[in-house]
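K.L.:
Structural data only, the sequence is not supplied:
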RNA sequence: GUCCCUAUCGUCCAGUGGCCUAGGACAUCGCCCUUUCACGGCGGUAACGAGGGUUCGACUCCCUCUGGGGACGCCA
């Protein structure tokens, strides 16, 4: 039975890279009829926060993909400790009584003298002394006894990166339990992976070198070693790993949501970052992606998420979202737009058909949900700004006067259908000896305050009889 | 510093020794469509990091270098 997991730590909001890891896990599980597990890795009591836990769920729920089982590591500490104890009893771990380092070790200091593998003397401590000091209450950290000096290599086959190998001598004696008896990430993660029968671990490439340690743990535990697949990292335009401190809120999933992205627009975009269907397809439904998702399509090099300080959204993501926005069933789009309008405190037609036709007319030139309450303001409110370019349209060739006149005529006419309006407009233009364009552009300016937009005749019906006439006469 | 990963247009991908005069998409520039704009259509600019091999033939395979990323915590 195929089982995969996504294991975020609640130490910040849902990161764009984490979201992609979640999506790839999800696609892989769904593609292969497996089980998707959400596991909250909250063993770092110091850094965990309820707020970030909420924001992770918020982000995940917005993606709308869901999961099958859910766990919290903090509720499974006994299991972690039991497994650590088992490793210790088998002789694969030892107590290290070296006092914890105080303060944060800065990078330069840490790198002095090359790689650290173990604290002197502790690995060799005999059982009697170790037991005595532990019984006396001296604090210790439990470390894995990495097989050393045996010329042993740890190997595995990565689903994305292929054959991987590392000399055990190059792996340090990593910690399993802290001196406060809390499991470390390595211990908790492996214990849970074993207990939850995770069969395939899909995670970021930043864990590639941890994998050798994890294999050591699985082996010491005497359980089946899961398969691994590591994903290339998402990096910033400056080449650095995406971080909140350096790159700000762009790394958060909520940034895209708040900019009016469709959940699937975001999912689609993220899937294209580091994965390819190999046939040049870009816009794909969830089902399409799910049907062909495989590790073969995953690239090995890191991918840059394109953004600038001024514009936090990747242009390709924006384009993709626009494509989806204008091609999705209108009935699915309207509720999302409605919600957006409500949030903005705007009015919209009660009549579903009317609302649908407005949305359908304007969505061709919009890219996000956010465009409806902003650029689409004139369609949902009577107060809207008159853009300078629109104003210019009204100033030329007596347009303003003609537009008013058109308003009067339309008011007098019972027929407010598009053909009738067009006929009326052209007739008026002919009478006054001006080009129809003057009236068409003038009307658009009067109706929306914008110099650009949908075809003018669609506009009248979208805005509605009452409003249109009032706006024409009021210029 | 040690170890691991990686390298095609500005960006995201395609390319698994001859189909490559290197393809698609975004962005960008131009034209068409549109009495506006967007959508759409057509076209342009734009890349195999460097040096060695292997081979009849390298973007593709090997080595070195260089660049980029990651790991090296009682963080995850």
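P.N.:
Arrived safely. Predicted model only: the values in this text are computed from it and were never measured.

K.L.:
Wasn't residue A:209 part of a helix?
P.N.:
Yes: according to DSSP: H, G, I helix; E, B strand; the rest coil, residue A:209 belongs to a helix.

K.L.:
what about it, distance to RNA strand B?
P.N.:
Remark: distance between residue A:209 and RNA strand B (C-beta to the nearest atom of the strand, to the nearest Å) = 4 Å. Any C-beta I mention is one placed from the backbone N, CA and C, and that applies to glycine too.

K.L.:
The closest residue to that residue other than its chain neighbours - how many residues pack around it?
P.N.:
Leaving out its chain neighbours, the residue that sits closest to residue A:209 by C-beta to C-beta, 6 or more residues apart in numbering is residue A:166, at 7.4 Å. Residue A:166 has 17 neighbouring residues, counting by other C-beta atoms under 10 Å.

K.L.:
next one: residue A:216
P.N.:
Using other C-beta under 10 Å, residue A:216 has 24 other residues around it.

K.L.:
so it touches residue A:144, yeah?
P.N.:
Yes: Residue A:216 is within contact range of residue A:144, at 6.3 Å (criterion: C-beta atoms under 8 Å).

K.L.:
can you list the residues of the stretch 51-200 of chain A near RNA strand B?
P.N.:
The stretch 51-200 of chain A comes close to RNA strand B at residues A:96, A:98-101, A:104, A:107, A:110-111, A:114-116, A:139-141, A:161-162, A:164-167, A:170, A:172, A:174-175, A:178-180, A:182, A:184-186, A:189, as judged by C-beta under 7 Å from any atom of the strand.

K.L.:
what residues does stretch A:267-282 touch?
P.N.:
A:16, A:19-20, A:23-24, A:27, A:63, A:65, A:231-232, A:234, A:283-284, A:286, A:288-289, A:292-293, A:297-299, A:303, A:305, A:314, A:316-317, A:320-321, A:323-324 (C-beta atoms under 8 Å, 6 or more residues apart in numbering).

K.L.:
next one: that stretch to chain centre, how far?
P.N.:
Distance of stretch A:267-282 from the chain centroid (C-alpha atoms, centre = their mean, to the nearest Å) equals 15 Å.

K.L.:
ok, and for it, which residues are buried?
P.N.:
A:267-275, A:277 (16 or more other C-beta atoms under 10 Å).

K.L.:
got the contact list for the residue in chain A that RNA strand B sits nearest to?
P.N.:
Here chain A gets closest to RNA strand B at one residue, residue A:436, 2.3 Å apart by C-beta to the nearest atom of the strand. Shown in contact with residue A:436 (C-beta under 8 Å, 6+ apart): A:425-426, A:429.

K.L.:
What lies in contact with stretch A:310-323?
P.N.:
Residues from elsewhere that reach stretch A:310-323, judged by C-beta under 8 Å, 6+ apart: A:248-250, A:255-256, A:259, A:261-262, A:265-266, A:268-269, A:272, A:282-283, A:305-307, A:366-368.

K.L.:
how about that stretch: buried residues?
P.N.:
A:312-314, A:317-318, A:320-322.

K.L.:
So which residues on the stretch 201-350 of chain A come close to RNA strand B?
P.N.:
Within the stretch 201-350 of chain A, the positions lying close to RNA strand B (C-beta under 7 Å from any atom of the strand) are A:205-210, A:232-233, A:235, A:237, A:239-241, A:272-276, A:278, A:280, A:282, A:296-297, A:299-304, A:306, A:314-316, A:318-319, A:322-323, A:326.

K.L.:
Can you give the domain ranges for chain A?
P.N.:
Each domain of chain A is listed here as a residue range: A:3-72+A:187-234, A:78-177, A:244-326, A:328-473, per automatic domain parsing.

K.L.:
Dump those domains to JSON lines, plus mean pLDDT.
P.N.:
Converted to JSON lines, the domains of chain A look like this (pLDDT from 0 to 100):
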{"stretch": "domain A:3-72+A:187-234", "mean pLDDT": "94"}
{"stretch": "domain A:78-177", "mean pLDDT": "85"}
{"stretch": "domain A:244-326", "mean pLDDT": "92"}
{"stretch": "domain A:328-473", "mean pLDDT": "92"}
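
K.L.:
what's the most buried one of these?
P.N.:
Ranked by mean neighbour count, those are led by domain A:3-72+A:187-234 with a mean of 19 (mean count of other C-beta atoms under 10 Å).

K.L.:
Residue A:141: what's it in contact with?
P.N.:
By C-beta under 8 Å, 6+ apart, the contact list for residue A:141 reads A:95-96, A:98, A:100, A:175, A:177-179.

K.L.:
Can you list which of those residues are found in strands?
P.N.:
With strands defined by DSSP state E, the entries of the contacts of residue A:141 inside them are A:95-96, A:175, A:177.

K.L.:
list the contacts for residue A:211?
P.N.:
For residue A:211, counting by C-beta under 8 Å, 6+ apart, the contacting residues are A:156, A:158, A:164, A:228, A:230.

K.L.:
Pretty sure residue A:362 sits against residue A:378.
P.N.:
No: under the criterion of C-beta under 8 Å, residue A:362 makes no contact with residue A:378, lying 9.7 Å away.

K.L.:
Distance of the closest residue to residue A:56 other than its chain neighbours relative to residue A:257?
P.N.:
In space, and not counting its chain neighbours, residue A:56 is closest to residue A:14: 4.8 Å by C-beta to C-beta, 6+ apart. Going from residue A:14 to residue A:257 by C-beta to C-beta, to the nearest Å gives 10 Å.

K.L.:
any common contacting residues for these two?
P.N.:
By C-beta under 8 Å, 6+ apart, the residues touching both residue A:14 and residue A:257 are residue A:59.

K.L.:
where along the stretch 301-450 of chain A do the strands fall?
P.N.:
Using DSSP state E, counting those that start in this stretch, the strands of the stretch 301-450 of chain A run over A:303-304.

K.L.:
For residue A:352, which non-adjacent residue is closest in space?
P.N.:
Spatial nearest neighbour of residue A:352, excluding adjacent residues (C-beta to C-beta, 6+ apart): residue A:334 at 7.2 Å.
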